[in-house]
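*Asks:* Sequence and predicted structure are below.
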Amino acid sequence: MPRHVLPLLALLVLLAAGGVAACDFGDGEPDEPVAEARLVFAEFGPAEDRIYAAPAANLEARELIASVPHAQGWALTPAVEMAGSLAAFVALPPEAEPRRDSPAELWLLDAASGELTRLAGDADLLVAPVFDREGRFLVYRRSNDLEGTQELVRVDLETRTRRTVRELTTRFGVFPVAVIGDGDVVYMELSNGGADLYRAAGDGAGEAELLVHASDHIAGGWRLSPDGSELSYLAPRIEAERVVQRLHVTPLEGGGEPRIEAGDGFVGDQFSPVWTPAGDGITFGQEPGFAAGAAPLTLALGGTGEQSPLTAPERGFDAPLGWSADGRYLAARSFDGRDAYDPGRESLVVIAGAGGRTTVLAEHELIFLGWLLDD
Amino acid sequence: MTDAALRRIARAALITLAVALALGLWSAPRGAEPASACAFLRTPKTYEADRARQRYMDAIDAAAVNALFPGSLFFGLPTVEVGTRGNRSDSTIRQVPVELLRAIAWVESGITMASRSVPYESQGDALITFDCGHGVMQVTTGMTVPLGNDRWPSATQVSVATHYVYNIARGAVILVDKWNRAPQSRPIVGTDTNSAPDLIENWYYAAWSYNGFTGPGSNKSNHPSDPQFGGWPRERFRCDGTQARNRYPYQELVWGCMARPPAPNGSGLWAPVDATLPNLSQVSYFEALSIAAFRFPFAGMDMPTPQPAHQAEPPSIPRGFASRALAQPRLSVNAPPIEIRTEGAFEETRGTIRIRNPGSGILSWSATPSDGWIVVDPPAGVALGSDVACPGNCSREAEITITVNPTLLPSATARGTVRVSTPNGEGRDVEVRIEVDADFEVGAPGTSRAY
């Protein structure tokens, strides 16, 4: 090697070392690793549902997390939301009589590891279980047809112990809505008078407390705000000689009344409200009316009333399912029809908050379980 | 006599009657108790027809226009009541929309008579669910307990469980029965069309009732606004196996299958009929289906006919169809006396009765033992005539295996009979003699059930 080349090589090595040092420590702190939001969903199969996780930015790169064999024709019913990496669902075991009132199994799935744990074998198949925010408790419903009773049962996920927090005889039904505080259970009870919201102590002691009369009709789509202080839901109203679903919000403390959050300026149905991860807004779908496609809107709370539309479908409308924890992606059911009565074909889509939307491709029905945020 | 004295006497009589009843039930012979659930102690056999369901489809067409058993009290269609709540009255109509009956049959059983494991065009275990739904139409009414003599299945129960023509006819009867429950205990669809039964949409509540007229919140709910069916709205049911049943009330499964006929053999089983569902954004339907209206006798649920309404198109049934479908089965029993030795070699511990059908069509039969210690398996079944498709390993004959429940033997040796009879074929009942020699000490007879 010529002698004059050596100093040049030494200089290059020094420059390279300096560059590496500058990259790693230039600002004195390491770079934050970018968290990746993954959509967790199941694809229905006649005898087995398959649960996948797929990066929001590359939905085709789905990975199989778990398979759930079930009674012919009946899919799993997922919890409304995940708690961290924990998902839960109810499913009819393959050997069960394929009927909606057969006792179903309650399962816990750690979507990060794929570990499945059976928690109970007496759940109502079609009633979605509900987590608390921290993933300490899971509440499900079971029915005793002979006695005509329904029970809300709280599972302590650490000890796996189960406790009936509310048992009642009802002509209609009760539905778990949220788990708040130290494990108290908020539930909806249906009667001829409509939908009432109650709070039952987590230890099952005492009488349930009536929180609010939510509607004279059947209310649904309950979601707890991120800070646990309010619930959003849909309830029907008669407006201009037609019935429309309207976004309501009700406080859980202080005895406040439910309020219609998005009334003025809206004509048709609103669909499936979900809270933004920061809790400063609610995103819901809307009927397209005369437009070809209607974008879901995020309505800012706290008095501004600002409305931020997301990317609209070419045709039809969306019914939101949930935001990823980083607030970058919204999962939604998308319909290519004109309204709730004629909804057309349904698909599962991921809408980026920054713009754009992608459809999850599948031959069978897709069931949204939640979002996983990887480190 | 004073009122108080009369009341005392009445009370004493009631108590005596109750005690007598309780004692009577307690001391009734339980050894021969044939069933713990449903009409049959053991699963009867039936014939599963062709994969294309042509036999079943033809029978459904005929059942819809009462062309199978006209005049039969049990299998013939009753007259359909017509009119709104205020003027509901009987009519001369004996029809159900065939479009509806086809879709119900598909939703109930996939239009199959036998359990999944039975190949097409052969015989095997009947399709019976744990709630006693039997066969193509999943007939439950009248099939939950044995209704024949000595608490054995009746002839009609045998027919419903084993023969698809009877099963389908009975399903149609039950659908009319659900319709006719309005207005006494069901609401009416068609307040603006005089609830005309030839409009498919007017059968919305009858179809709902076929699976149970249950309200929102119940784990059997079929209420369209029930939150159990997930987020609103929901895509229409496609009836192609790509969607779960979870999100649909029963009547929407039926409506979905009417609109998108299944194609088990490549082509659709019927012409699509996109019948209209009640539109919950219209006040008249919303109020009818509101939870406030769901109270007996459900008068507040009466609603106008969802539009556009679809007229049922009654099928034309070829002359003589029923005679050909039912054919002329004939009972033939190979009936030498059977001797059983409970402590003998395997083949000595059981006997076999063979049943043939030298006639035509499907012969339904049942086997009834005289005593509780005689175990017959299966208790009912079919034997196939030479005109019934039965290729490959399919057997036209039926076999009944006779064994003994030794715990119910009255003594170490005993005699009894098995009576083989047919509800739909020619031929007299045949009694087969059964003798048993049990080489053991009998302890406490009559203390076990005949499982």
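*Replies:* Yes, it's here.
*Asks:* near chain B, which residues of the stretch 51-200 of chain A?
*Replies:* If contacts are counted using C-beta under 8 Å from any C-beta of the partner chain, the residues of the stretch 51-200 of chain A sitting beside chain B are A:73-75, A:77, A:97, A:99-101, A:124-128, A:143, A:145, A:150, A:170-175, A:188, A:190-194. Just so you know, the C-beta spots here come from the backbone N, C-alpha and C atoms, and that holds for glycine as well.
*Asks:* In strands only, show me these.
*Replies:* Secondary structure from DSSP state E places A:77, A:143, A:150, A:174-175, A:188, A:190-191, A:194 of those in strands.
*Asks:* all strands of chain B, in order?
*Replies:* Residue ranges of the strands in chain B, as given by DSSP E, are B:45-48, B:122-125, B:332-334, B:338-341, B:351-356, B:362-369, B:374-377, B:380-384, B:398-404, B:413-421, B:430-437.
*Asks:* Nearest residue to the residue of the stretch 51-200 of chain A found nearest chain B in space, please, no chain neighbours.
*Replies:* Of all residues in the stretch 51-200 of chain A, residue A:173 sits closest to chain B, at 2.0 Å by C-beta to the nearest C-beta. Taking C-beta to C-beta, 6 or more residues apart in numbering or on different chains as the measure, residue A:173 lies nearest to residue B:217, with 2.0 Å between them; neighbours along the chain are not counted.
*Asks:* who's in contact with residue 315?
*Replies:* Looking at chain A here, since you left the chain open. Neighbour list for residue A:315: A:288, A:292-293, A:336, A:344 [criterion: C-beta atoms under 8 Å, 6 or more residues apart in numbering or on different chains].
*Asks:* oops, chain B please
*Replies:* With contacts defined as C-beta under 8 Å, 6+ apart, the neighbours of residue B:315 are B:61-62, B:64-65, B:98.
*Asks:* Of the residues you listed, keep whichever come out buried.
*Replies:* Among those, those scoring as buried are B:61-62, B:64-65, B:98 (criterion: 16 or more other C-beta atoms under 10 Å in any protein chain shown).
*Asks:* Rebuild the residues you listed as JSON lines, extending it with distance to residue B:414.
*Replies:* Rendered in JSON lines, the data for the buried ones among the contacts of residue B:315 read as follows (distance: C-beta to C-beta, whole Å):
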{"residue": "B:61", "distance to residue B:414": "50"}
{"residue": "B:62", "distance to residue B:414": "47"}
{"residue": "B:64", "distance to residue B:414": "50"}
{"residue": "B:65", "distance to residue B:414": "52"}
{"residue": "B:98", "distance to residue B:414": "53"}
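*Asks:* Tell me the one of those residues nearest chain A?
*Replies:* Using C-beta to the nearest C-beta, the shortest approach to chain A within these belongs to residue B:98, at 24.4 Å.
*Asks:* And the closest one, how close does it get to residue A:246?
*Replies:* Distance, residue B:98 to residue A:246, using C-beta to C-beta, to the nearest Å: 42 Å.
*Asks:* What of residue B:63?
*Replies:* Distance, residue B:63 to residue A:246, using C-beta to C-beta: 46 Å.
*Asks:* Distance-wise, check the residue of the stretch 51-200 of chain B found nearest chain A relative to residue A:120.
*Replies:* Scanning the stretch 51-200 of chain B for proximity to chain A using C-beta to the nearest C-beta identifies residue B:130 as nearest, at 4.7 Å. The span separating residue B:130 from residue A:120 equals 20 Å under the rule C-beta to C-beta.
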